[in-house]
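Peer 1: quick one, what's the 3D model for this:
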Amino acid sequence: MDQEQAQVLFKEGAVFVFLDVPVGTEFGIDYNSWNVGPNFKGVKMIPPGIHFIYYSACNKEKDSAPRTGFFYNFKQREMVVRKWDKLTEDISPAPISDEEIERFIQNKQELDRYLGAYPYESYKKWVSLTNHITPQLVGQIQPENEKISAVTEFISESSTTQSRRDAMELSESKTDSEDSRLPKMETKPETVIRYSHIPKMKYPPGASPADITKYSMDSSYMLDSILSDRFSTNWNGILGELQFAFVCFMVGQNYDSFEQWKYLVHLLCSCEEAIQKYSNLYTQFISILHFQLQEIPEDFFVDIVSQNNFLTGTLQEFFSNLESSSADDKLKRRGSKFQAYLTKTFKWDFSTESDEYAPVVVSTD
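Peer 2: Here you go, the predicted structure:
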């Protein structure tokens, strides 16, 4: 970053002040993370817009706790102040007064030497991975507690002496006594990421046998259902959710987000009718996948993404649907270039049809 650009960011960029963070704690913003030192008090020169902040407590042996993070839409010149809670090893829920924030603003020059500079050299990559995520989308999808956790938080049903006695008697009468003695656990509702649900119907109500067969292979009706019910037919929303899920599983280490990312990729790839209908959506979809696949570590491909041939089979289906659709030539050329890029970069073979994605005729009997 040149001096002129640095001066502009210092003046116009946002500041995240993070107080009382223990030495050694992992702290990150976007695709950059560090273990903080004794003088750490936050990050300066943050470009305005959506960012992902995360942290993990570390013990003396330098073992890190599961990550916790949150999205925040930084305004120009905004100063955000948070404090660490040593008891919970998390951000303190106690609000910061306007007077305290104003004192930090007035002492910005003095505070400056305790703030790390936002790594601007990686900002372009961050934008390419989040350009469809809007503040409205974040509010719609993020959990009610506004935190993304790498570990699912559970609550157990309340019990009484009688209910525990009844459960014990019931468990002794079952062969799987160990499982039946475990308390019933449910995910804390306020921690659940509110992703789009999978439509139950793959085809329109009252569909003919021919349409049932068609939409059982072509997910266009399911895509239209999500766009209509969730995003008021705004296709940018589903692309934003795709990016949201990717950031949450790659940076936030949230496994449910990986499952949602896989579902959305497969949904979009298994459409044929929608490719022609939403040409701009699919142009952007190809661009999003191009940037996302560059960020997935090689060992991640081997261990998870390539498991059961997920990506190669799904993308093979997409390229086949694109080629057989009535999409415009510009989109088809873009798809062809993307296929060639994947073949060259990852050595993926799209020439042989996978049995998993072979055509299936659905019986209506």
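
Peer 1: just give me the neighbour total for Ile101.
Peer 2: 15 (other Cβ atoms under 10 Å). Placement of C-beta: from N, CA and C, glycine included.

Peer 1: please apply the same query to Gln106.
Peer 2: Counted with other Cβ under 10 Å, Gln106 comes out at 10.

Peer 1: again, but for Gly42
Peer 2: Using other Cβ under 10 Å, Gly42 has 23 other residues around it.

Peer 1: same deal with the one 3 residues further on?
Peer 2: If you count neighbours by other Cβ under 10 Å, Met45 ends up with 23.

Peer 1: got phi/psi on it?
Peer 2: Here the main-chain torsion angles of Met45 (degrees, to the nearest 10) amount to phi 60, psi 40.

Peer 1: distance-wise, check it relative to Gln106.
Peer 2: 19 Å (Cβ to Cβ, to the nearest Å).

Peer 1: equivalent analysis for Gln142, please.
Peer 2: Here the criterion is Cβ to Cβ. By it, Gln142 lies 32 Å from Gln106.

Peer 1: go on, Phe258?
Peer 2: The value you get for Phe258 to Gln106, if Cβ to Cβ is used, is 44 Å.

Peer 1: Val8 is in contact with Arg77, correct?
Peer 2: No - when contacts are counted by Cβ atoms under 8 Å, Arg77 is not listed as touching Val8 (11.5 Å).

Peer 1: doesn't Ala340 lie inside a strand?
Peer 2: No - counting by DSSP: H, G, I helix; E, B strand; the rest coil, Ala340 falls outside a strand, being helix.

Peer 1: how about the strands in the protein?
Peer 2: Using DSSP state E, the strands of the chain run over 14-19, 26-29, 32-35, 42-46, 49-56, 68-74, 79-85, 90-91, 116-117, 148-149, 154-156, 185-187.

Peer 1: other SSEs contacting the last one?
Peer 2: Under the contact criterion of 3 or more Cβ pairs under 8 Å, 6 or more residues apart in numbering; DSSP states H and E, the helices and strands touching strand 185-187 comprise strand 154-156.

Peer 1: how close does the residue lying closest to Cys269 once chain neighbours are set aside sit to Arg230?
Peer 2: Excluding its sequence neighbours, the residue lying closest to Cys269 (Cβ to Cβ, 6 or more residues apart in numbering) is Phe318, at 3.6 Å. Phe318 is 22 Å from Arg230, where distance means Cβ to Cβ.

Peer 1: cool, and Val21?
Peer 2: Taken as Cβ to Cβ, the span from Val21 to Arg230 is 37 Å.

Peer 1: neighbour-wise, which of the two wins?
Peer 2: Ranked by neighbour count (other Cβ under 10 Å), Val21 and Arg230 place Val21 first, with 22 against 18.

Peer 1: residue ranges of each domain in this structure, please.
Peer 2: Taking automatic domain parsing as the criterion, the chain consists of the domains 3-130, 154-187, 195-357.

Peer 1: ends of the second one, how far apart?
Peer 2: End-to-end span of domain 154-187 (Cα to Cα, to the nearest Å): 4 Å.

Peer 1: from here on, count from 282
Peer 2: Noted, 282 is the first residue going forward, which turns the last one into domain 435-468.

Peer 1: for it, what is the average pLDDT?
Peer 2: Taken as a whole, domain 435-468 has an average pLDDT of 61.

Peer 1: ditto for the first one
Peer 2: Confidence over domain 284-411 (mean pLDDT, whole number) is 92.

Peer 1: next, name the residue at the spatial heart of the protein.
Peer 2: The centre of the chain sits closest to Ala526, judged by Cα atoms, centre = their mean, with a distance of 2.0 Å.

Peer 1: got the contact list for that residue?
Peer 2: When contacts are counted by Cβ atoms under 8 Å, 6 or more residues apart in numbering, Ala526 touches 476, 538-539, 541-542, 545.

Peer 1: neighbours of Val473, just the number please.
Peer 2: Other residues near Val473 come to 14 when the count uses other Cβ under 10 Å.

Peer 1: check contacts around it.
Peer 2: By Cβ under 8 Å, 6+ apart, the contact list for Val473 reads 424-425.

Peer 1: so which residues of the stretch 332-481 of the chain form helices?
Peer 2: Using DSSP state H, counting those that start in this stretch, the helices of the stretch 332-481 of the chain run over residues 379-387, 389-392, 404-411, 416-422, 442-453, 458-461.

Peer 1: contacting residues around stretch 497-515?
Peer 2: 477, 479-480, 482-485, 496, 516, 518-519, 548-549, 551-555, 558, 602, 640-641, 643.

Peer 1: whoops, I mixed them up, stretch 546-557
Peer 2: Contacts for stretch 546-557 (Cβ under 8 Å, 6+ apart): 498-501, 503-505, 507, 519, 523, 562-563, 566, 570, 591-592, 595-596, 598-599, 602-603, 605-608, 612.

Peer 1: among these, which lie within helices?
Peer 2: Judged by DSSP state H, the contacts of stretch 546-557 include 498, 501, 503-505, 507, 519, 523, 562-563, 566, 570, 591-592, 595-596, 598-599, 602-603, 605, 612 as members of helices.
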